[in-house]
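1. Got a sequence here, can you build the structure:
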Amino acid sequence: MDYPIWTLSGKFCGKLINNQVYDRKGNHIGYVDDKRIFSARTGKVVGEFYKEDRVGLKTSKSYPVRGIRGIRGSRGFGLRGDKGSISPGGWKDPEF
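-> The predicted model follows:
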């Protein structure tokens, strides 16, 4: 899969490419496992998919820590415009 992603507040935050997540500047952030984005550096959850193209974190949830997988090279892609905000209760923007 290869598609852009936005925060719940509507800011373009990067792209998902083959289950790897890159920030808006093309830097590798981490990987997706079970709809959660794990940091490649720390193994902590830094985001979770609310919808296919929207990511955030549940505020009332403890997330597991997974193994560190190492940073991949950066990717070049064009910036996207921001979208309108959605504000589901109990969610906040991702931490990347």
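
2. The residue most central in space within the chain - nearest residue in space that isn't next to it in sequence?
-> For the chain, the residue nearest the mean C-alpha position is G47 (4.9 Å; C-alpha atoms, centre = their mean). Spatial nearest neighbour of G47, excluding adjacent residues (C-beta to C-beta, 6 or more residues apart in numbering): P94 at 3.2 Å. The way it works is simple: take the backbone N, C-alpha and C, and place the C-beta from them, glycine included.

3. Could you give the number of residues near that neighbour?
-> Neighbour count of P94, defined by other C-beta atoms under 10 Å: 26.

4. ok, it to I37 distance?
-> Going from P94 to I37 by C-beta to C-beta, to the nearest Å gives 7 Å.

5. Identify the contacts common to those two.
-> Common neighbours of P94 and I37, counting by C-beta atoms under 8 Å, 6 or more residues apart in numbering, are 46-48, 55.

6. Just give me how far stretch 87-96 sits from the chain centre.
-> Relative to its chain's centre, stretch 87-96 lies at 11 Å (C-alpha atoms, centre = their mean, to the nearest Å).

7. what about the strands in the chain?
-> For the chain, the strands defined by DSSP state E cover 2-7, 12-17, 20-23, 28-33, 36-39, 45-51, 54-58, 91-92.

8. now the ones you listed in JSON lines, with distance to G76?
-> As requested, the strands of the chain are exported to JSON lines (distance: least, C-beta to C-beta, whole Å):
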{"stretch": "strand 2-7", "distance to G76": "13"}
{"stretch": "strand 12-17", "distance to G76": "10"}
{"stretch": "strand 20-23", "distance to G76": "10"}
{"stretch": "strand 28-33", "distance to G76": "12"}
{"stretch": "strand 36-39", "distance to G76": "20"}
{"stretch": "strand 45-51", "distance to G76": "22"}
{"stretch": "strand 54-58", "distance to G76": "21"}
{"stretch": "strand 91-92", "distance to G76": "29"}
